[in-house]
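1. this one's structure only:
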């Protein structure tokens, strides 16, 4: 993805068995939006994927029109603060 868009960001942390521990990503538009509307960021983990047993989390903010905007996403093995 970085070959197509140099501003795409991702971070991946794997377990010893190479399964996903944490995966975070944000595209260029989300990163730019975060610069403008990142004063207050909500992190919601209400989605749980059944097949892979990972928690989906979304980072969102509110733009100048009062609409929610996506700032980034994550897949996590658990919801521990670390």
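-> Received it, and whenever you're ready, just let me know what you need. Bear in mind that the values here come from a model prediction, so they are computed numbers and not experimental data.

2. quick check: closest non-adjacent residue to residue 68.
-> residue 60 (5.1 Å; CB to CB, 6 or more residues apart in numbering). C-beta coordinates here come from the backbone N, C-alpha and C atoms, glycine included.

3. which residues touch that neighbour?
-> 41, 42, 44, 68, 69, 70, 71 (CB atoms under 8 Å, 6 or more residues apart in numbering).

4. over to residue 12?
-> 20, 22, 23, 24.

5. in the protein, what spans have low per-residue confidence?
-> 1-3, 48-50, 79-82 (pLDDT under 70).

6. spatially central residue for it, please.
-> residue 73 (1.8 Å; CA atoms, centre = their mean).

7. give me the contact list for stretch 22-30.
-> The contact list for stretch 22-30 (CB under 8 Å, 6+ apart) reads 5, 7-13, 34, 59, 69-77.

8. tell me the buried residues in that stretch?
-> 22, 23, 24, 26, 27, 30 (16 or more other CB atoms under 10 Å).

9. any idea how far that stretch is from the chain center?
-> Its chain's average C-alpha position is 5 Å from that of stretch 22-30, according to CA atoms, centre = their mean, to the nearest Å.

10. ranges for the helices of this protein?
-> With DSSP state H, the ranges of helices along the chain come out as 28-37.

11. just to revisit the earlier point, residue 54: which of the buried residues of stretch 22-30 is nearest?
-> residue 23 (8.3 Å; CB to CB).

12. quick one: residue 78 and residue 65, what's the gap?
-> 35 Å (CB to CB, to the nearest Å).
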